[in-house]
Structures are given as C-alpha cells and as structure tokens.
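Engineer: Quick one, what's the 3D model for this:
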Amino acid sequence: MSQVLEQIKSRRSIRKYKPDDVPQELLDQIIEAGLYAASGKNLQSAIIIQVTNKELRDEISRMNAQIMGRPEGHDPFYGAPAMLIVLGKKDQSNHVADGSLVMGNLMLAAHELGLGSCWINRAKEEFDTQWGKDLLKSLGIEGEYEGIGHCALGYIDGDVPEAAPRKENRVFYIK
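Structural biologist: Now for the predicted structure:
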C-alpha cells in the first residue's frame, strides 16, 4: 500500500495534547500542505491563520466553549498549543468545500510529521461575530470570510486511538 493511503488509514483525531510548543518549521510544512489543497476553479481563496500565541489561543478556546454552551474552563481544543484556522471567501461558491479540503490536507500533513490534530468546529460562529471580523481586520484581511474549521495541533499525550470499524453498505456500484 502506498504511504499516502497508509497515512490516510492511520490518521486519527487526537483529543489530548502535550503542552510542548510545535516548532515553526513543522507548522510551515503543514501550512504548505494546506496551500496545495485542491480548490474549485483553482481559485485558492481559502486562507489559514496560525495561532500559537497562548493568550489568543486561550481567548479563542473560551469563545468556542461559550458557543458550545460549555462551562468556564472547558477547553474544546483539548490542550493543543497550536491551531490553524481555515476560512473561506464567502463570494466563492465552493468556499466551504475548498476550506474543507485545506483542513484535510492540514490533518494528514500533521500526522505524517508525527503530530496529532483534530478538526474543531464553530469557526463559522466565531468569525460571524464582531470579534472575529475585528481579528481579520487587525491582520489586514479584507473581504467577507466564513470560518470553516480550526485544526488543533500538538504532540500527542497518550496512545493514538484505534480506528473504529468501517461501517458497511456505504459504497454503491453502477457498472
């Protein structure tokens, strides 16, 4: 089996991370993989925001937990010290699919590099707020963007979960 297929089959969502910082060199490689994701009409309009600043990371975590309706102190990012936030340009008809492909590439690249990852939702709700719009503006990002997802990243704390058995009757053949 090819290495790519093996990586696809062995990648798991990780829900417990060590607090160790992820080296920028690894983050750069993961980001590069995201930038090479397929996109509708090759518009490449999805953007990635790297967050390793602990104060901002914790602020995003609090906001995310609040959107979920979770109590103060709940960390939806499972202690991951880094996150890559993917957003899609709203005026592009494929922005959600394009951003989702970026997220997939980010998670596979992280796995290949020995890091854990997990897709964390509620980026849409975060970036619909004034806070989210102000963050984009502070970064010089213009235009209307929709949050697609957060890719939580870090070194795995514990064992990698076993794969759940694949459900049956999910493929249909027309010959």
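Engineer: Remind me what the worst-scoring helix or strand of the chain on mean pLDDT packs against, helices and strands.
Structural biologist: In the chain, no helix or strand scores lower on mean pLDDT, DSSP states H and E than helix 3-10, which sits at a mean of 92. On a contact count with 3 or more Cβ pairs under 8 Å, 6 or more residues apart in numbering; DSSP states H and E, helix 3-10 meets helix 95-112. Heads up, the C-betas are built off the backbone N, CA and C, glycines and all.
Engineer: before we move on, back to that, and the least confident helix or strand of the chain, which residues are buried?
Structural biologist: When burial is assessed from 16 or more other Cβ atoms under 10 Å, helix 3-10 yields no buried residues.
Engineer: just stretch 18-28 next, same as before
Structural biologist: So for stretch 18-28, counting by 16+ other Cβ under 10 Å, buried means 22, 26-27.
Engineer: Could you tell me the end-to-end distance of that stretch?
Structural biologist: End-to-end distance of stretch 18-28: 20 Å, with Cα to Cα, to the nearest Å as the criterion.
Engineer: Quick check: mean pLDDT of it?
Structural biologist: In this model, stretch 18-28 has a mean pLDDT of 98.
Engineer: swap in stretch 49-62?
Structural biologist: 97.
Engineer: list the buried ones in it?
Structural biologist: In stretch 49-62, counting by 16+ other Cβ under 10 Å, buried: 49-51, 57, 60-62.
Engineer: contacting residues around that stretch?
Structural biologist: 21-22, 27, 31, 72, 75-77, 81-85, 87, 126, 139, 150 (Cβ atoms under 8 Å, 6 or more residues apart in numbering).
Engineer: Which of those residues fall within helices?
Structural biologist: 27, 31, 126 (DSSP state H).
Engineer: Give the pairing partners of the lengthiest strand in the chain; include direction for each.
Structural biologist: In the chain, taking DSSP state E as the definition, the longest strand is strand 145-154. As defined by DSSP bridges, the strand partners of strand 145-154 come to strand 82-89 (antiparallel), strand 116-120 (antiparallel).
Engineer: any idea how far Leu135 lies from Lys41?
Structural biologist: 28 Å (Cβ to Cβ, to the nearest Å).
Engineer: who has more neighbours, those two?
Structural biologist: Leu135 (19 against 10; other Cβ atoms under 10 Å).
Engineer: So the more buried one versus Leu84, what's the distance?
Structural biologist: 14 Å.
Engineer: Bridged to the residue nearest in space to the middle of the chain, which residues?
Structural biologist: Nearest to the geometric centre of the chain sits Cys151, at 2.1 Å (Cα atoms, centre = their mean). On the basis of DSSP bridges, Cys151 is bridged to Leu84, Trp119.
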